[in-house]
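**Q** Show me the folded form of this:
(2 chains)
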Protein chains: 2
Amino acid sequence: MKREVLFKPGSIRVSVEEGDTIFDAALDGGIHINSSCGGQGICGKCKVIVGKGKIVSDPSDKLTEKEYQEGIRLACNSRIFSDCIVQIPVESRMSDKILMEKQTFAKGERKISDVEEVSFLDVLCFSPPVVKVFLKVNPPTIIDNVSDLSRLLKELNELEIRNVSIDISCLRKLPTVLRASDWNVTLTLEKNYIDYDLGISTEKSEEIYKIIEVESGNTFTKQYIVALDIGTTTVCGQLLDMHTGKVAAEEATYNKQIEYCGDDVISRIVFSNKPGGRKKAQEAVVSSVNEIIDELLKKAGAKTEDIVHITFAGNTTMTHLLLGLECRYIREAPYVPAASLIPPVKASSVGIQVKESITARSFPLVSSYIGGDISAGILGSGIQKREKPALFIDIGTNGEIVLGNREWLACAACSMGPAFEGGGILHGMRADVGAIEGFSINPITMEPMVITIGKRRPRGICGSGLISILAELILCSIVNRNGKFAKDVDNRRIRKTDTDYEYVIVEADHTAIGKDIVISEGDIDNLVRAKGALFSGCLTLLESVGFSLDDVDRVFIAGAFGRYINVEKAKIIGLLPDLPIEKFSFIGNGSLTGVRLASFSQNLFREGGRIAKMMTNIELSESPAFMNNYIASLFIPHTNELLFPEVNRRLSEAEKNIKKERNGN
Amino acid sequence: MKREVLFKPGSIRVSVEEGDTIFDAALDGGIHINSSCGGQGICGKCKVIVGKGKIVSDPSDKLTEKEYQEGIRLACNSRIFSDCIVQIPVESRMSDKILMEKQTFAKGERKISDVEEVSFLDVLCFSPPVVKVFLKVNPPTIIDNVSDLSRLLKELNELEIRNVSIDISCLRKLPTVLRASDWNVTLTLEKNYIDYDLGISTEKSEEIYKIIEVESGNTFTKQYIVALDIGTTTVCGQLLDMHTGKVAAEEATYNKQIEYCGDDVISRIVFSNKPGGRKKAQEAVVSSVNEIIDELLKKAGAKTEDIVHITFAGNTTMTHLLLGLECRYIREAPYVPAASLIPPVKASSVGIQVKESITARSFPLVSSYIGGDISAGILGSGIQKREKPALFIDIGTNGEIVLGNREWLACAACSMGPAFEGGGILHGMRADVGAIEGFSINPITMEPMVITIGKRRPRGICGSGLISILAELILCSIVNRNGKFAKDVDNRRIRKTDTDYEYVIVEADHTAIGKDIVISEGDIDNLVRAKGALFSGCLTLLESVGFSLDDVDRVFIAGAFGRYINVEKAKIIGLLPDLPIEKFSFIGNGSLTGVRLASFSQNLFREGGRIAKMMTNIELSESPAFMNNYIASLFIPHTNELLFPEVNRRLSEAEKNIKKERNGN
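**A** From the prediction side, this is the model:
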């Protein structure tokens, strides 16, 4: 149930769910409330004055009896049960202008989830790659004693299922199953992807089937496809119930390769080139897949033998490693993968614990650094059907960018480095419990508002937190637009170190790690280089097809990390292009969406193949244009002010306001 | 070089190869020369008088110095090196009339081998199921860095080879091989039989290829297909050089299943139904296949990795056992095999020692007792293209009969029992060294002429020998047409035993087994039942389609055993129909011929599929018409004299002549 909170001063109304905390409401409304423990009730800084309304707060030793009597509560442990009025205390307060600016950023958080639903319309033409058919077969007689298989084929022919072959393992048990079941059997038929065209055309006029399973009785209600997104860090899976057409279970786990093969694709390739490495790397990722499948089956109450097919997408290296392909040349110029269109394989042959006859299909790759996750993501985004050009951005250690519409697609990959995944950042960490993901600074006091994942004591900063922190430091003129700390700011939170400057985000006693969590000039340098790589990648791709940012009708942000990015703040630091917020859509794990779509519809899997073939890959690493763009990007938001008109306007405005306020103090 | 022998008296001219023995020449000319040691020079009975001409004889202690001076030699150890004249001594001589009759039988031995050649004309459209292609691939550059596989596909596309997939094991090594070979590679392409239609139609409009091997450099000259005929008793193989289009080597060995799984298909099925039996039976036949392949490679100086494909045909049970299919229901009414159209399998998956990606294709089966050997045999015979109806007969433990022309084919199988393979016959044996395969009796003296395989001391009697012996006993009125010994013949070779009568073919001191080799009334009884089964099978099949023997334009005799049958003698005993000798053709191992044809031409393999689908199977075991025909067949040649007019005429004539001669004596 929705409740309305009226924040004062400023009279900002925020609509929240009953039971949310005032802290949550402040976040949604872009209201700054000092806080440094991430919302766990430890720092005691997020004091607010509760006015009219039903609000239930946990007791806290951070509040005196007197404060309690005065209606003062901690925002982070006060839950809203009616419309109410909340007063921001003076220490958290900022000017209306800055407040309004902050509210703009709050909008940058919003998630758009309808992309997936739109694509699902296609699935109305439900045509999965594997189907089950229940048959009551007439037993043979002496005058009609054709072979068991011929008998089945005859029955299938009557259902207009023609061109049927059979897996030999299935044929081996056919006679026994037919007789044990009194000639009532369920066949699992795979549309034959062996002949899925790896070459030229994408259409086959005739369906070709293969019987991959024969079961006693009617098992029609038990048929699941496993959809997998094989990420460098995370393996995500869904169990798709092909009887109901619904997602029966969802599960994610770390890619076990992380444990000993390194964090990024380059380390994985290096590892796999060591003696025995390819096999070990394969076993590691396969064990993650098996773990996912186990969990999915448990959650859905299904059995291994109910799985009829596996569809997966992964980046080029992950796809190669999962299938045991040589990936040495992905990394060496001129960056050539073994294959881009991957033949289907027996899942069991790579160690996936399913029945012997089950096929695993991979989404096609485009190049060494544009993988099946991107072709699946594009399918999930529907860009390939749009009239106007859209930009697809997947942010990670590698930034993958696709530009195009229904007529053409171009793509590029750029190495962003691990900064946005927490690598190379003093207190960087992955988006896990205790990671700072949201952040705000009171421009006058320079006191922070820190929001962590899971509202736990801060342990470090994840990618979305880093974007917020950098944007706030810029907006508050604590850090200059060249990424250096402003020397004229005097605040206890800004301090000089042996090498450079740093801003103290959380003091040691409020963290979970027993020491100050800071962001340094070196960290900022890394972030600037990472955002510069991505933005200049976008720019180069646009230029390579004769387009400018103005031609972009829509921007799709994909990837698990992308989901948590504050778009407005990402624009401030020059990570994302300076386009109206309305043009941005988050599509979450677009890869998994694409894999799911393709699992429900053979035509959409073919569409994935068409997408991969359509894509023109631009190699940035060797492009002089890219290098120029990159150098120009090493500024916040960008050396070329014309590329970020709105951001620059806002930054100037903010600087002016802050100067005024600070002088006013 | 051909030499001519003039036998006297009778002035019969026989053309032989230089170096052949007089014994060989006598056999070819239908000349009876007493002999009982099979041609090894031990019995000393085959004395002849050498006239003009160059003849080289080994010394023999069976000839006195005087005899030697008189020009007397042993026919079996005298070799012909010029045209010559040979006098038959009085003890081997018979009347002109009988001599002429014997010569008719000599013609019954002739082999017709041009059937195979005719079919080979089709092969002019050489289109093997697997081809090699040598490619000089352009190496990738940074502006053309598509995947290795895509690069290959592009090259293939330029050769108009489209719709190409790749075996995953091959893809795994592709990047390494391409670079190690400096981008000069030979691809092995399999036309994709995964989608070979098991169902309805037989034509695919488009070829589909699969890359199953990639090799460094140009290996175009090294590509072999293994053609196999998997018999219950014998496994025969040929190594086909796909570069030259020739047979590079040929080899045969016993099917190792014989060692512990029993002699006939029924015993094999029973064995395979025991716990672990199916696996053991499979391993046994596979080990024979591996042995054959080893030998073929050795003979041809080729390597395992040069094998690109395997094509095989076997009867229904052998095909099932080789592939590990359940064959229990082949034996139980209503006699249903697991499959008739067999999907292609990875050869290595059944234990055949070839590369992992190599496919083994089976000729399609028709029914439980009409197997792939028959569909291959029909392909080899070309019946399916003839305008006029032909009969195809494969004689063994099971007699398989096909009748038809280019528009229709009907088939039936009958259980003949093991008699013609030597089973259930006192001195029966397989066609092996020392087996009596040819036989003649001097109707007056009742002395035999015994010819053994390998010209060794007799060890027993094989199928063709049994036919000859029975025919001769009938022709000489030693055995009556009801299969019983004539009680009025008084000769030391005919003797009464505890249970019945027997004829002594070879006395103990001339055998290799140290005891008399005889044929008994019981043996004859078994032979009559076996020939009755086959003939009544033919008759029932003809009747079932409204035909009579007169409608049969041609009779093809297939099978290793068939090759040695004396057709005229087989007609005498009623095994083969009483048709003019010109209508008969031996096609040797028609199955292996068919397999070879199909290995050279994909279209002919499809033709094999069409043949199998065309065939209407008639189940004799449950047919009352067959039972009636069978009862009527238990007479020599047949109860219905009208079915064997010419044979009956000749038998009456022979009886008359013998009566006259014996009385004359």
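
**Q** where does the residue lying closest to residue A:31 once chain neighbours are set aside fall, phi/psi-wise?
**A** Once flanking residues are discounted, residue A:31 sits nearest to residue A:7: 5.2 Å by C-beta to C-beta, 6 or more residues apart in numbering or on different chains. Where C-beta positions appear, they are placed from N, C-alpha and C, glycine not excepted. The phi/psi pair for residue A:7 (degrees, to the nearest 10) reads phi -90, psi 140.

**Q** Quick check: residue A:7 touching residue A:30?
**A** No. When contacts are counted by C-beta atoms under 8 Å, residue A:7 is not listed as touching residue A:30 (9.8 Å).

**Q** buried ones in stretch A:422-435?
**A** Buried residues in stretch A:422-435, defined by neighbour count with 16 or more other C-beta atoms under 10 Å in any protein chain shown: A:422, A:423, A:424, A:425, A:427, A:428, A:429, A:430, A:431, A:434, A:435.

**Q** For that stretch, C-alpha coordinates in PDB please.
**A** Taking C-alpha atoms only, stretch A:422-435 is exported to PDB below (Å, rounded to 0.1, in the frame of the first residue of the first chain):
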ATOM      1  CA  GLY A 422      35.800  -2.600  -7.700                       C
ATOM      2  CA  GLY A 423      39.200  -3.600  -9.000                       C
ATOM      3  CA  GLY A 424      42.100  -1.200  -8.700                       C
ATOM      4  CA  ILE A 425      40.100   1.000  -6.300                       C
ATOM      5  CA  LEU A 426      41.400   1.300  -2.700                       C
ATOM      6  CA  HIS A 427      38.000   0.300  -1.200                       C
ATOM      7  CA  GLY A 428      36.400  -1.100  -4.300                       C
ATOM      8  CA  MET A 429      34.400  -4.300  -4.000                       C
ATOM      9  CA  ARG A 430      31.800  -6.200  -6.000                       C
ATOM     10  CA  ALA A 431      28.100  -5.400  -5.600                       C
ATOM     11  CA  ASP A 432      27.600  -7.500  -2.500                       C
ATOM     12  CA  VAL A 433      26.100  -7.000   1.000                       C
ATOM     13  CA  GLY A 434      27.800  -4.000   2.700                       C
ATOM     14  CA  ALA A 435      28.900  -2.400  -0.500                       C
END
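
**Q** Where do the helices of the stretch 151-300 of chain A begin and end?
**A** Using DSSP state H, counting those that start in this stretch, the helices of the stretch 151-300 of chain A run over A:168-180, A:257-261, A:265-273, A:277-300.

**Q** and those, which one is worst for confidence?
**A** Note on those: helix A:257-261 shows the lowest mean pLDDT, a mean of 85.

**Q** Residue of the stretch 1-150 of chain A closest to chain B, please.
**A** With C-beta to the nearest C-beta as the measure, residue A:149 is the residue of the stretch 1-150 of chain A nearest to chain B, at 3.7 Å.

**Q** who touches the closest residue to that residue other than its chain neighbours in this structure?
**A** With sequence-adjacent residues excluded and distances taken as C-beta to C-beta, 6+ apart, residue A:149 is closest to residue B:339, at 3.7 Å. When contacts are counted by C-beta atoms under 8 Å, 6 or more residues apart in numbering or on different chains, residue B:339 touches A:147, A:148, A:149, A:150, A:166, A:171, A:174, B:325, B:365.

**Q** distance of residue A:317 from chain B?
**A** Look at residue A:317 and chain B: by C-beta to the nearest C-beta, to the nearest Å, they are 13 Å apart.

**Q** Next one: that residue from residue A:248, what distance?
**A** Separation of residue A:317 from residue A:248 (C-beta to C-beta, to the nearest Å) stands at 30 Å.

**Q** Looking at these two, which one has more neighbours?
**A** Using other C-beta atoms under 10 Å in any protein chain shown, the more surrounded residue of residue A:317 and residue A:248 is residue A:317, with 29 against 19.

**Q** Just give the closest residue to the more buried one, not the sequence neighbours.
**A** If the residues on either side of it in the chain are set aside, residue A:317 comes closest to residue A:265, at 4.0 Å by C-beta to C-beta, 6+ apart.

**Q** Residue A:304 now?
**A** Nearest residue to residue A:304, sequence neighbours excluded (C-beta to C-beta, 6+ apart): residue A:354, at 6.1 Å.

**Q** again with residue A:181
**A** residue A:216 (3.7 Å).

**Q** For chain A, give me the ranges with low pLDDT.
**A** A:94-124, A:192-206, A:560, A:562-563, A:664-665 (pLDDT under 70).

**Q** can we see that at 50?
**A** Chain A contains residues with pLDDT under 50 at A:110-123, A:194-204.

**Q** got the domain boundaries for it?
**A** Following automatic domain parsing, one gets these domains for chain A: A:2-93, A:379-415+A:533-649.

**Q** Count residues in the vicinity of the nearest residue to residue A:58 once chain neighbours are set aside, would you?
**A** By the measure of C-beta to C-beta, 6+ apart, the closest residue to residue A:58 outside its immediate chain neighbours is residue A:77, 4.3 Å from it. Neighbours of residue A:77 under the rule other C-beta under 10 Å: 20.

**Q** cool, and residue A:292?
**A** Neighbours of residue A:292 (other C-beta under 10 Å): 23.

**Q** Skipping adjacent residues, who's closest to it in space?
**A** Among residues not flanking residue A:292 along the chain, residue A:237 sits closest, at 4.0 Å (C-beta to C-beta, 6+ apart).

**Q** Let me know whether the one you found touches residue A:294 as I believe.
**A** No. The pair residue A:237 and residue A:294 does not pass the contact test of C-beta under 8 Å, sitting 10.1 Å apart.

**Q** higher neighbour count, those two?
**A** Here residue A:237 and residue A:294 are compared on neighbour count by other C-beta under 10 Å; more neighbours surround residue A:237, at 26 against 14.

**Q** Residue A:228 versus the more buried one, what's the distance?
**A** Residue A:237 is 5 Å from residue A:228, by C-beta to C-beta.

**Q** what residues are shared contacts of those two?
**A** Taking C-beta under 8 Å, 6+ apart as the contact rule, residue A:237 and residue A:228 both touch A:289, A:292.

**Q** Which residues of the stretch 551-665 of chain A lie near chain B?
**A** A:617, A:619, A:622 (C-beta under 8 Å from any C-beta of the partner chain).

**Q** So the first one lies in a helix, does it not?
**A** No. The assignment for residue A:617 by DSSP: H, G, I helix; E, B strand; the rest coil gives strand, which leaves it out of any helix.

**Q** tally of neighbours for it?
**A** 19.

**Q** distance of the closest residue to it other than its chain neighbours from residue A:610?
**A** Leaving aside its chain neighbours, residue A:617 sits nearest to residue A:367 (4.1 Å; criterion: C-beta to C-beta, 6+ apart). For residue A:367, the distance to residue A:610 equals 16 Å [C-beta to C-beta].

**Q** Looking at the two, which is more packed in?
**A** residue A:367 (26 against 19).

**Q** Was I right to think that one contacts residue A:337?
**A** Yes. The criterion here is C-beta under 8 Å, and residue A:367 meets it with residue A:337 at 6.9 Å.

**Q** Tell me the secondary structure at the nearest residue to residue A:362 once chain neighbours are set aside.
**A** Nearest non-adjacent residue to residue A:362, counting by C-beta to C-beta, 6+ apart: residue A:342, 4.0 Å away. Residue A:342 carries the three-state label coil when classified by three-state DSSP.

**Q** What residues does residue A:342 make contact with?
**A** Residue A:342 neighbours (C-beta under 8 Å, 6+ apart): A:319, A:323, A:361, A:362, A:364, A:365, A:372.
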